[in-house]
Structure formats: C-alpha cells, structure tokens
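A.B. asks: here is a sequence together with a model predicted from it:
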Amino acid sequence: MEKKKNSEEIKKVQQTIGDLTLSIWDFAGQDLYYITHQMFLVSRAIYIICFNLCHDLNAPSRVEVFHREYGKITDADHYMTNLDRVVFWSQSIYSHTTENSVSNQKQFSPPIFIVGTHRECLPGNDEERQALTEDKFLLIKKAFKQKPYEDHVVLKYYAIDNSVRSPLDKSIVELRDHITEVAKNESYMGEKMPLKWLNFLHEIEQLRAQNEHSINFKQVTKISSKCHINTNIQLFAMLHFHHDLGNIVYYGERDTPYSALNDIIIIIPQWLIYIFRLVITVKNPSDQWAEFRSSWKKLDEEGFLEERLLRRMWQEFLEKFEALLQLMQKFDLICVKTQSILYKQTTGTKSDRLFYVPSLLKKKEGDEMVSLDKLAKSNNTAVFYVNFDGFLPEGLYYRLVVRIVHWSQQRSHDKGYNPRLFYQQVKVYIDQNHDAIIRILPEKRSCIQVVIYKLKVGGKHLEPSPSVCKEILQLIKENLLDIGHKWMKRVDFNVCVLCNVCPEENLHLHKLKECLVSTPRCGPDDGMDTCKVRRLFGKDNRNQAFQDTAVQGNSNVPWFLRPLIGVYKDIPSPILPFHIMTEVCVLLDPPQPRANDWRSVACKVGYDCYINYIMNMMNSPTMCVMHGWSEKGLSLDDFKDCMIAINRHDVVGLIEEHLKL
C-alpha cells in the first residue's frame, strides 16, 4: 500500500515538471551592498541586467550620496561609467557562480539577459529610437568581446517600454517567454530528488506562509522525522542540498554539533539581507537612538561596532544573537577586536566586545596615501601586487582584510598593537620589526598593493627579512585561494611586482613567478633588475626537495585543502604525493565551460552518475574522485593521458615539473 501511495505521488510530481515557478530577486545596486553578493549570487539562476537607455553609456554613472552629518542626499559622479556598471554586474555574476553547462548545451549557464529600459523616453521616432538602441547594444557587446563571461550572455538583447501597462509592451512579453524557454533548457531542470526531501521542502513552505523566517535545529529534526529522514547523515545531506538550491541558508556541519551556526536554519533567505542591512547601513542622525549616538559615531567614523549597539539593532532576534554574529563572521563582514575580549575576560567587567567593520569606512579628507613610486623604491620595503586582471570584487578585498586583521591580532594580542583601518587600506602588525599595509590601488582599482616594511634599526633603513616577506606572500595567496574556493570560484589573480626600469608614466607590472626565474624584458634593450625580488621572495639555497606531507600536513598546503589529509589517507595506492595532489585539486576543482575539469576524471572512473552529488559535497571534488582512480587500478600515466585528452596541459606540466624535483 505504501509503495502504491509513493508511486502515485511520484506521478503527480512528474506531471508538474511542465509548470515553471520563478522566484524573482531584485538586487540593491548601491556599492554598499556589493559585499552581500557572495550570499545571493547563486549558480542555479537566470540573471537580468537592466540599464537606462536614456543614459550615456560612456558617462560616469550617477549615485546617491548620503551626507550623514546633515542628513541630506545628493547626486554625485561614480568612478564607474554606465557601461562599466553593466560590465561589473556581468563579471560579478560570473565570478560568484559556478558553471552549470553541459557539453551539448547552446546557452552557457547561468544565463545573463541584457535589458535596456525607458525605450519610450529616447528622442525621435520609432526608427530613430531603434537605431539609438542598437548603437548602445553594440557598445555593450564590444565590451563583452573575448571576456570569459561572454558566452553566458544571451545573444538577444531587449529594449522595453516602461510606460505601457495594459496591454504589456510586446518586448516585455517576448522577454518573459524567452526567460521561460531558457529556464526549461537548463541542465538541472527536471532533476530528481528524494521524495522525502521534497516533502521536507513542502513543510518549510508552510512555515514561510506563517511568516517564520528561521527555525532551530530541534524544529528541523522534528520536521525531518515527520518526513522519515531519520539519520544525521541524510539530514545534513538534505540541508546542504536545499542550501545549494537557495531554498534555505544553512552553514551547520555534522562534525560541529555545538556551534551556534548549527542551530539556525534560515528558511527565508531574503531575511538575511534585512539582518545585514541593519549593520552595514548607518542611520540618519535624526533616526539614531539617543543613548547610542556615540556608538553610531564610532561605527560611522572609525568602523568600530560595539556589541551593545549590535544588540540594539537585533533586539527582535536576541535569542539568535550568537548565531547571527557567527554568520556575519562566516561571511567575513566583521572581525572581533581581540583586546576587547581579553579586557572583558581579565577584568571580569561587562565591557562590550568591539567588532571591526572595514566595509563601512568612508574616504575622508586627510586620508593621504604614500605615493606608489616612493613606496616601491624605499630600501626598507618589499612591495608586491595582486592583480585581478580588470575585476576585483570589493567584497573579496574586505574578506581578505578581515582575515588579515584577525591573523595580525593573534600575532600581537599581548603587544598592545592594534590594526589601523582606513578607507580601502589597512595597516597591520607582523612582528616586532615589521608591519604591512594592504590597500586597493586608487590608480588601478582591480589591483591590491601589499607593502611589507621594516622599522628603522639604529636609525638605518634595512631590507625586510626574506622569511617575513615569503610568509606574508603565502598568507595572502592562501587566503585568496580559500575565499575563491568557497565563495568566488572564478576569480583569477596573479602576484606581480612593479617594473623598476620603465619611467613613472609607463609603470607596469611583471608576474612575480617569472621574475624569480628569469629577467623580464622591457622594450628592445632593457631588462628588469630582479636581484631584490629574488633575495626577498626567492627560494632558499638549502635543499628545496618536495617531501610527501600526507601525514604531517605541510603548512604550505592551502588552508581549505588541509582537511583533505584524512581523505588522502583513505585512497588506496595514491598515484601522486599529497602535496602535488592538492595543487592538482586547485587546478581541476573550478568548473570549466566544457567540463574539462574534475568531472572528466569522474566520467573516466564511472562516477558520472554521481557528479551532482559530488558537486554538493564539502570536500574537493577532485580529491574525492581520485578514490575511484586508484580503485580501478589506473596509473599516473593513465591520468596524464586523460589530462592531455581534455586539453589540460597545465595539470600535466605541473605533475612533470614536481616529479623532476
């Protein structure tokens, strides 16, 4: 009887596949909210980028600036043009999402529609408006040319008339039908899930209808039991699956049962926007609570958030305070000021914790930055640059700052040294003799400058220690790799140094790895002097032979791959040492448009039916499928042949380079 009932329910589900339900989200366009994109730009979605056809694409975009000191809003020019903004959103979508496309899919996924609005406000007759529209579309297409996200943009652009309500503008109807068609062709549409998981989602929808925004783990356990999900393994797998689909927000883990994050399951994801907005938007002075005026001022001017003010902001949700706080820290939106905790613990007082909120710092008069040329040529400094090739998500920079501030505080907690935060710049303690400055270059906003400098010794300027330089370089790279692996899977970067032979007006960068092994050419006759770079960032003269660190856990392995040491131990007869395998994971984990990544390895060992499951696992998918490689008795030569067949010569080169050492 039970089997018959389940069979009937499955038939009902299959009959509804033809019906399409879309959940529409409107993103805040202000810069302040860009740091929240990491949470809501998901892979299984369709995006529409809108722009006003009446605006000159080459003109600076206009933004509203709120002057808190006298409570007024004025318009101002932004550093991005209107065209830059369209490009920015396309880059942001591409960077924050993963590839959903399959090899025979015409439209790369996630798809992006480009829509021009206010067609009716363009000057001239219909033909002249059409010509103006086509010119603007052509300009955007040129900006997308040969960019990695170009194939994600739907070929047909739309110009719509906002003034027509009944009947709807023909272009709006065509756009709606086109979105429906593209959605139904997405590779994940019609994907099957266990009926129990679907029943769980129906229970969640009933709670949403009662305006419940979040539930605790006890409530989830009760609902899951009702849906016959009785083991923790099944429960966590289902929660992470619905999280990946955007149905819920959940960051709990089975192996951290006592974490506050385990006890909050957000069933209305939009509610998170409201929670975060309370923190990252400083109120108009006339709306601030009188008893917290000094706290508001400290937040607005110094980027310090007092716990008492945060509790007042979240007064409706105090029972979830620690969980929400951990969510803010999970997204690197805030960082606790360590000394505020130590003071509270040592004195036994009720002193509030203090939190750094770097994204709230505003540019102020007097925030002068030392000139690029002067910093680069000082004897007591080592300078390198992280170049993001035209696109640096602001959220990535602030995530990096929060992590570096946390690291610095751990180094200096008993030294009385506090990080100093400014607008898009931070100064941190390294050790008793060294500090570092990390900032977004104002002249090149897609580049981060890192300056390591040594304090004067006996009044003399001496070079920074090479070990310190390499430690900071490794720290920056590891954190960026970690952020990329978890949140911004398709953001690429190169570590570079400034050319020291070209004149100031022609300043440009050379890749650090190239400078460590050769002399970069600048023009027909000049080569860059790399002696200092090699002294500070090159390998020691001691034996640099690689050793298998599967058991020891080499500190050079990126942080996000260190938990894989346990996974590696379980692989029967691994074909590569652990330290090489982790570097292969870094190359093969990011999804590629033509699936020439870990998915090809999965297909080779017969795991193609498990790809969606592996994709939703918390570990590196490459490391997971390498279990099958060894179990099938396949060799290292077989693996290299597989990489050559899918045109991944970078992986082959990496393996051969390491095995020669």
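C.D. replies: Cool, the structure landed. Worth saying up front: this structure is predicted, and the values here are computed from it rather than measured.
A.B. asks: list the contacts for the nearest residue to residue 143 once chain neighbours are set aside?
C.D. replies: Sequence neighbours aside, residue 87 is the residue nearest to residue 143 in space, at 5.3 Å (criterion: Cβ to Cβ, 6 or more residues apart in numbering). Any C-beta I mention is one placed from the backbone N, CA and C, and that applies to glycine too. Taking Cβ atoms under 8 Å, 6 or more residues apart in numbering, we find residue 87 in contact with 143-144, 147.
A.B. asks: tell me the SS of residue 87?
C.D. replies: Classification of residue 87 by DSSP: H, G, I helix; E, B strand; the rest coil places it in helix.
A.B. asks: now the contacts of residue 87: which count as buried?
C.D. replies: Neighbour counting by 16 or more other Cβ atoms under 10 Å classes 144, 147 among the contacts of residue 87 as buried.
A.B. asks: in JSON lines, list the contacts of residue 87 along with distance to residue 110, pLDDT and secondary structure.
C.D. replies: What follows is those, written out as JSON lines (distance: Cβ to Cβ, whole Å; pLDDT from 0 to 100; DSSP: H, G, I helix; E, B strand; the rest coil):
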{"residue": "143", "distance to residue 110": "19", "pLDDT": "93", "secondary structure": "helix"}
{"residue": "144", "distance to residue 110": "15", "pLDDT": "93", "secondary structure": "helix"}
{"residue": "147", "distance to residue 110": "15", "pLDDT": "86", "secondary structure": "coil"}
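A.B. asks: ok, so of the contacts of residue 87, who is nearest residue 430?
C.D. replies: Checking the contacts of residue 87 against residue 430 by Cβ to Cβ gives residue 147 as the nearest, at 37.3 Å.
A.B. asks: just to revisit the earlier point, now distance to residue 77 too, for the contacts of residue 87, in TSV please.
C.D. replies: What follows is those, written out as TSV (distance: Cβ to Cβ, whole Å):
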residue	distance to residue 77
143	20
144	24
147	25
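A.B. asks: backbone dihedrals for residue 110, please?
C.D. replies: Main-chain torsions, residue 110, degrees, to the nearest 10: phi -70, psi 140.
A.B. asks: same deal with residue 454?
C.D. replies: phi -100, psi 140.
A.B. asks: let me see the contact set for it.
C.D. replies: 380-381, 433-434, 461-465.
A.B. asks: swap the cut-off to 6 Å and go again
C.D. replies: Neighbour list for residue 454: 380, 433-434, 462, 464 [criterion: Cβ atoms under 6 Å, 6 or more residues apart in numbering].
A.B. asks: can you list which of those residues are found in strands?
C.D. replies: residue 434 (DSSP state E).
A.B. asks: flag whichever of the contacts of residue 454 scores worst on pLDDT.
C.D. replies: Taken together, the contacts of residue 454 show their lowest pLDDT at residue 462, with 84.
A.B. asks: count of residues packed around that residue?
C.D. replies: Residue 462 has 13 neighbours, counted by other Cβ atoms under 10 Å.
A.B. asks: do you know how far it is from residue 236?
C.D. replies: Separation of residue 462 from residue 236 (Cβ to Cβ, to the nearest Å): 53 Å.
A.B. asks: do residue 480 as well
C.D. replies: In terms of Cβ to Cβ, residue 480 sits 29 Å off from residue 236.
A.B. asks: what's the answer for residue 290, then?
C.D. replies: Relative to residue 236, and taking Cβ to Cβ, residue 290 is found at 46 Å.
A.B. asks: what of residue 149?
C.D. replies: 33 Å.
A.B. asks: what of residue 531?
C.D. replies: For residue 531, the distance to residue 236 - Cβ to Cβ - is 54 Å.
A.B. asks: okay, the two: which has more neighbours?
C.D. replies: Per other Cβ under 10 Å, whichever of residue 531 and residue 236 has more neighbours is residue 236, with 17 against 10.
A.B. asks: tell me the spacing between the more buried one and residue 256.
C.D. replies: 11 Å.
A.B. asks: try residue 506
C.D. replies: Counting by Cβ to Cβ - residue 506 and residue 256 are separated by 52 Å.
A.B. asks: just residue 180 next, same as before
C.D. replies: 41 Å.
A.B. asks: could you find the closest non-adjacent residue to residue 140?
C.D. replies: Closest to residue 140 by Cβ to Cβ, 6+ apart is residue 86, at 5.8 Å.
A.B. asks: distance check, the one you found against residue 485.
C.D. replies: Residue 86 is 28 Å from residue 485, by Cβ to Cβ.
A.B. asks: of those two, give the one with the bigger neighbour count.
C.D. replies: residue 86 (23 against 18).
A.B. asks: ok, now which ones touch the more buried one?
C.D. replies: 49, 51, 140.
A.B. asks: if I look at the last one, what pLDDT would I see?
C.D. replies: This means residue 140. 96.
A.B. asks: how much space separates it from residue 93?
C.D. replies: Taken as Cβ to Cβ, the span from residue 140 to residue 93 is 15 Å.
A.B. asks: which of the helices or strands spans residue 451?
C.D. replies: Using DSSP states H and E, residue 451 sits in strand 447-454.
A.B. asks: check the offset of that strand from the chain's centre.
C.D. replies: 22 Å (Cα atoms, centre = their mean, to the nearest Å).
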